[in-house]
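[1] Sequence and computational prediction follow.
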Amino acid sequence: MNIILMGPPGAGKGTQADLIKANYPIPHISTGDMFRDAVSNGTEMGIEAKKYMDSGRLVPDEVTIGIVQDRLNAQDCNQGFLLDGFPRTVKQAEALDQVLAQLGKRVEAAINIDVPEDILVERMTGRISCKDCKTVYHLKFNAPAKEGVCDKCGGELVQRSDDQGETVKKRLEVYAEQTNPLIEYYQKQGNFYGIDGNRSSQEVFKDIEKVMGSL
Ligand code: ADP
Ligand code: AMP
């Protein structure tokens, strides 16, 4: 199954990806996680990417397309993949189609999680995640049993530096301008599935399962 999870920042893509991963044997490929790993490892690419991430802008297409292309060529993508946060521009979507065509594959479902903007702000500003296993929580909607500690691995829970103030606003603007056009891109391809993300995670997941079951 070759799936992409789309939607504005804070829509619940990572949360749904965790639920999907637990039920389907396909790798979860999050470009945001890949960039954050590069930042914490202090690689050259990470140092460059951080400038864009901290200001709420997108990392340039050339860099992003390159890392996804390498990742999709890995053995574990043979049975399919779950892309989260990629593509985010029409140029990335076109590049993805090309890369997949070379591998004899295509995007089977572009699942878009739709959430109103005021809720997105609340979700992003309350998001905390585990430094070690990356599990995502929310201070109000999905709080850990013990404050600041990951339920799953005991790791420290931290807030993302881009989940604050002006950066949140900028990310929503960038989404509207550069990523929202992808809805039309996939509608034209006939593989677009829109899902109301303003419900509980379990309700959203049920709809995603319906889509995946229909493929
Ligand atoms: P994305 O990957 O799209 O940026 P996340 O999955 O990280 O979004 O979710 C953003 C925040 O919203 C997290 O704190 C998460 O716990 C919370 N969240 C995700 N889905 C829901 C939901 N259906 N209802 C309430 N809060 C949610
Ligand atoms: P995310 O974790 O998906 O919210 O991504 C965090 C940040 O990483 C974004 O605000 C961008 O700066 C960068 N990023 C992640 N995915 C992409 C992408 N597909 N294209 C460009 N930048 C990206």
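    Ah, there it is. Ligands and ions are numbered 1, 2, ... in the order given.
[2] My reading is that residue 111 lies in a strand. Confirm?
    Yes: assigned with DSSP: H, G, I helix; E, B strand; the rest coil, residue 111 falls within a strand.
[3] how close does the residue located most distally from the centre of the chain get to ligand 1?
    Distance from the centre of the chain peaks at residue 146, with 26.2 Å (Cα atoms, centre = their mean). Per Cβ to the nearest ligand atom, to the nearest Å, residue 146 is found 16 Å from ligand 1. In short, each C-beta sits where N, CA and C put it, glycine included.
[4] Could you report the distance from that residue to residue 157?
    Noted for residue 146: a distance of 9 Å to residue 157, by Cβ to Cβ, to the nearest Å.
[5] again, but for residue 32
    For residue 32, the distance to residue 157 - Cβ to Cβ - is 17 Å.
[6] ok, now residue 111?
    Counting by Cβ to Cβ, the gap from residue 111 to residue 157 is 27 Å.
[7] list the buried ones in stretch 189-203?
    191, 192, 193, 194, 195, 197, 201 (16 or more other Cβ atoms under 10 Å).
[8] coming back round to it: if you count surrounding residues, which of residue 32 and residue 157 has more?
    Between residue 32 and residue 157, counted using other Cβ atoms under 10 Å, residue 157 has the larger neighbour count: 22 against 19.
[9] so what's that one up against?
    Neighbouring residues of residue 157 by Cβ atoms under 8 Å, 6 or more residues apart in numbering: 128, 129, 130, 131, 137, 144, 148, 149, 150.
[10] What of residue 10?
    115, 119, 120, 121, 123, 124, 127.
[11] For this structure, which residues are neighbours of ligand 2?
    9, 31-32, 35, 52-53, 58-59, 64, 85-86, 88, 92, 162, 171 (Cβ under 6 Å from any ligand atom).
[12] between the residues you listed, which is nearest ligand 1?
    Nearest to ligand 1 among the residues of the chain next to ligand 2: residue 9, at 4.7 Å, using Cβ to the nearest ligand atom.
[13] That closest one: what secondary structure?
    Residue 9 - assigned by three-state DSSP - is coil.
[14] and the nearest residue to it once chain neighbours are set aside, how many neighbours?
    Counting by Cβ to Cβ, 6 or more residues apart in numbering, residue 9 lies nearest to residue 171, which is 4.8 Å off, once chain neighbours are set aside. When counting by other Cβ under 10 Å, one arrives at 23 neighbours for residue 171.
[15] Enumerate every residue touching the closest residue to residue 117 other than its chain neighbours.
    Among residues not flanking residue 117 along the chain, residue 172 sits closest, at 6.3 Å (Cβ to Cβ, 6+ apart). Listed by Cβ under 8 Å, 6+ apart, the contact partners of residue 172 are 8, 9, 117, 120, 121.
[16] closest point of the protein to ligand 2, which residue?
    Using Cβ to the nearest ligand atom, the closest approach of the chain to ligand 2 is made by residue 32 at 2.0 Å.
[17] chain center to the helix or strand hosting that residue, what's the gap?
    Assigned by DSSP states H and E, residue 32 belongs to helix 31-41. From the chain centre to the centre of helix 31-41 is a distance of 13 Å (Cα atoms, centre = their mean, to the nearest Å).
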